[in-house]
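Asker: What follows is a predicted structure for the sequence shown.
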Amino acid sequence: MTEERDQDPTTVFYDHPTGGWGSLRSVLGHASQNRIRLGVLDTLRRQNKPGGYMCSSCAWAKPPSPHLAEFCENGAKATIWDLTPKRCGPDFFARHTLTELRGWSDHDLEAAGRLTHPMRYDPASDRYVRTTWDQAFAAIGQALQGLDPKSTVFYASGKASLEASYLYALFGRLYGHNNLPDSSNMCHETTSVALKRAIGAPVGTCVLDDFDHCDLMLFFGQNTGSNSPRFLHPIQQAIRRGCKIVTFNPVRERGLVEFMNPQDPAQMLTGRATPVSDLYLQLRPGGDIAALAGICKHLFDIGALDRDFIARHCHDFDPFEAWIRGLSWDRIQATSGLSRTDLVEVAELFARSKRVIGIYGMGLTQHVHGGDSVGMLVNLLLMGGHIGRQGAGICPVRGHSNVQGQRTVGISEKPELVPLDRLARMFDFDPPCDTGMTTVEVAQGLIDGTVRGFVSLGGNFGRASPDLTRTEPAWATLDLNVQIATRLNRTHVLAGPGAWLLPCLVRAERDRQKSGPQTVTMEDSLSHIHGSIGRRPPASRHLLSETAIVAGIAKATLPPNPRVAWDDWVADYARIRDLIEETYPDQFADFNARMNEPGGFYRGNSARERDWETDSGKAEFTLPADLSALGGDPAEGAFTLITLRSNDQFNTTIYGFSDRLRGLKGDRMIVLVSRADMERAGLAEGQRVALVTAVDDQITRRVEGLSVTPYDLPRGCIAAYYPEANPLVPLFLHDQASKTPAYKGVPVRIEA
Ligand SMILES: Nc1nc2c(c(=O)[nH]1)N[C@H]1C(S)=C(S)[C@@H](COP(=O)(O)OP(=O)(O)OC[C@H]3O[C@@H](n4cnc5c(=O)[nH]c(N)nc54)[C@H](O)[C@@H]3O)O[C@H]1N2
Ligand SMILES: Nc1nc2c(c(=O)[nH]1)N[C@H]1C(S)=C(S)[C@@H](COP(=O)(O)OP(=O)(O)OC[C@H]3O[C@@H](n4cnc5c(=O)[nH]c(N)nc54)[C@H](O)[C@@H]3O)O[C@H]1N2
Ligand SMILES: [Mo]
């Protein structure tokens, strides 16, 4: 793929709506660069529809009556990227040593194309060389047998199906550990912990129908236009009904400013976009707790609260009321960076609204007190009785297409979330019951050398996790490193002896096993389960499905067990769904029969029924540890760095160098700084600077060569791209309760 990298320094702000012709042009450009074929168009036609294939991009809901084309710019890019004709096979690896490949960019590594053969690292030539599946499984099995299970990690990256994920988690526990972190531990683990504590359910309470009935949506740190664009359709419909929208975000994100629906011919021809946010509040990073407290304070002042709901359903309201009443507006304004007038306006709107939905993403979860921010949003909703009725609720917007589902079927480091007793009976073994490692603990274990084996079901842990300069050397010293993947990435090329690169099918490809073509399933952001069937021919005849690879390794590792039938399960995935149903009978009753229901089947949510599965049996008002989510203000002269995604990337997969919705293009090595801060710090536009982490722990964390780019940001807030900025994030900087890294609140200095 060739892409232009020329940056136009004069355009720092995109003044066209999200969607629209820009989105179509972006997809078409991407398609032609990837030499798109008719089969890809057929796949897109079936994308996110019953009996079709479920997009491997984001986790947004798939409606029961889909649009003619129920995919967005990013979904199309993900499919085109997955179905590229380019191949990265043995001849590619014969040409390039890992030492050389470590000098390649994230984009160029993945752009080499689909992995085609199982490979092992050969230290003598410093290359990946061809192997067979039998050799790989036997050697990996033997290596795992020789390792202490507690020193190994089975990571997953939120894409693999419920079937593959269930087997993966079962394999981990049969082998002897709960070291089963997934990408959620860098993402919405804050949600799993904070929502569980507050409302007794670890996931959001909304379903699609709620968006047809709400009259106010509050957006906190979720960038809909870039990261879950299909969500813009229900938002647009809600706006046309008269629903109000308020956005809290340090960055003016285009998708929450205005939207032009590519599926609406009238809009496309007239060029008239739908304005999205009625009020767009550019708060300081980590200022959400204070902003929410300000809204609550005004609601107390005007007596606008649902006392009846609070008395019947809530616990610990009095200390919350006392705390809010005791807060001064000065502190609220200074910490949030917002004015009392603005917050009062939101509170008045909230008081007038009958049904409110609180929506959030990484802007809340990736902070030191991220869990407290989520708790505060729940507090506000509880004040108005907005949880557990139609048109209202809390809606975390999940990332990877099956990340929520992986947790549902057992990929979790927290054994208390898994029905271990049932697994013990079903498979006749003693499951380990000690808590496993989170992402942060795995990274620490890499640094300490206590992690000896790493198995990865997708993902790019060595690029997506924090404190990369410190973890990078560890990859080459692992005793075992197994990467199940579709494309080459940085984690793969950091490897050393003991490394295996195992290529798998993508979801759009035909997965044929002994019983015939297989359907797989996934869970969307709104807890609906969907079947997905791939129809494209596999990129190589040497590929196996993720399910078959997991089973192949498990069978080679574990002693025979008459209750454990890896081969039979792989032969027919319906049997794995039977196991899931047996393990989780309430949520997955009649799984095989229901998996192709239009719109998916709902797994249910106790909090939605106002059945609070918390310690007190009621919904909890919670008090934050601090008014700022940052865990302390940056030192004098330092800035708070937030890390951003563009619409031309999916996590560490960099499709190209455009950030169209922010009016940026051509270069990802940039740091966004407000003009006022540039002036204060004496920085010039285009000047190359380094960012250095401003914490006191004797460790130097530094990223060089970033070009200063003026941008509309609150004072003291700067921004750079993920993953380029990941070496700057100290491992200890994470949400207190869930250990989700604080990627949105890193104290840094700018060095000229
Ligand atoms: N195109 C594309 N789509 C994706 C992804 C992708 O990389 N590219 N990734 C997928 C994944 S795994 C995930 S988890 C989701 C992520 O989707 P989002 O949850 O939207 O995550 P981010 O884009 O990281 O950040 C969201 C917003 O938080 C804002 N923000 C930063 N700090 C704060 C703060 O302190 N307070 C508030 N209120 N806002 C703040 C940022 O300006 C940004 O607009 O998207 C998924 N979809
Ligand atoms: N600074 C900063 N860091 C962040 C974040 C941030 O906002 N800021 N966000 C965090 C978040 S929300 C997340 S979810 C993590 C993401 O972390 P990960 O999920 O670990 O990373 P990805 O970039 O999604 O992984 C991409 C790789 O997955 C493999 N892959 C793609 N599709 C498939 C498939 O179908 N099967 C298999 N087996 N492999 C596949 C490819 O080889 C590709 O290179 O990053 C986190 N890191
Ligand atoms: Mo994520």
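Answerer: That came in fine, so what should we check first? Ligands and ions are numbered 1, 2, ... in the order given.

Asker: so how many other residues sit close to G391?
Answerer: 21 (other Cβ atoms under 10 Å). Glycine gets a C-beta too; all of them are placed from N, C-alpha and C.

Asker: Tell me the spacing between it and ligand 1.
Answerer: To ligand 1, G391 is 23 Å away according to Cβ to the nearest ligand atom, to the nearest Å.

Asker: what does the chain put close to ligand 3?
Answerer: 187, 399 (Cβ under 5 Å from the ion).

Asker: Flag the shaky bits of the chain, pLDDT-wise.
Answerer: Low-confidence segments of the chain (pLDDT under 70): 1-38, 265, 268-269.

Asker: Show me it divided up by domain.
Answerer: Listed by automatic domain parsing, the domain ranges of the chain are 115-178+402-603, 189-397, 639-751.

Asker: Nearest to D91 among these would be which one?
Answerer: domain 115-178+402-603 (9.7 Å; Cβ to Cβ).

Asker: hmm, the closest one in reach of ligand 1?
Answerer: No. Domain 115-178+402-603 stays out of contact with ligand 1 when judged by Cβ under 6 Å from any ligand atom, the minimum separation being 6.5 Å.

Asker: That domain and ligand 2, are they touching?
Answerer: Yes. Using Cβ under 6 Å from any ligand atom, domain 115-178+402-603 reaches ligand 2 at 157-159, 457-461, 464, 484-487, 489, 504, 506, 546.

Asker: Buried subset of these, written for ChimeraX?
Answerer: Entered in ChimeraX, the line below selects the buried ones among those, by 16 or more other Cβ atoms under 10 Å:
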select :157,158,159,457,458,459,460,461,464,484,485,486,487,489,504,506,546
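
Asker: any chance you could map the strands in the stretch 451-600 of the chain?
Answerer: Listed in chain order, the strands of the stretch 451-600 of the chain (DSSP state E, counting those that start in this stretch) span 453-457, 480-485, 499-503, 512-513, 516-517, 519-523, 528-533.

Asker: Can I get the domains of the chain in JSON lines including distance to D611?
Answerer: Output for the domains of the chain, formatted as JSON lines (distance: least, Cβ to Cβ, whole Å):
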{"stretch": "domain 115-178+402-603", "distance to D611": "12"}
{"stretch": "domain 189-397", "distance to D611": "8"}
{"stretch": "domain 639-751", "distance to D611": "23"}
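
Asker: Please give me every residue in contact with the residue nearest to I332 when sequence neighbours are not counted.
Answerer: Taking Cβ to Cβ, 6 or more residues apart in numbering, and ignoring the residues beside it in sequence, I332 has G294 as its nearest neighbour in space, at 4.3 Å. By Cβ atoms under 8 Å, 6 or more residues apart in numbering, the residues touching G294 are 329, 332-333, 336, 338, 340, 343-344, 347.

Asker: Farthest pair within those residues?
Answerer: Q333 and A347, at 14.0 Å, using Cβ to Cβ across the contacts of G294.

Asker: wait, isn't G221 in contact with G361?
Answerer: Yes. When contacts are counted by Cβ atoms under 8 Å, G221 is listed as touching G361 (5.4 Å).

Asker: Would you tell me which residues of the stretch 651-752 of the chain are close to ligand 2?
Answerer: Residues of the stretch 651-752 of the chain lying near ligand 2 (Cβ under 6 Å from any ligand atom): 651-653, 722-723, 725-726, 729, 743.

Asker: Need the max-distance pair from the residues you listed.
Answerer: Most distant of these, by Cβ to Cβ, are T653 and V729, 19.4 Å apart.

Asker: Can you narrow the residues of the stretch 651-752 of the chain next to ligand 2 down to the ones near ligand 1?
Answerer: Within those, those near ligand 1 by Cβ under 6 Å from any ligand atom are N651.

Asker: Since that was my last question, I'll sign off now.
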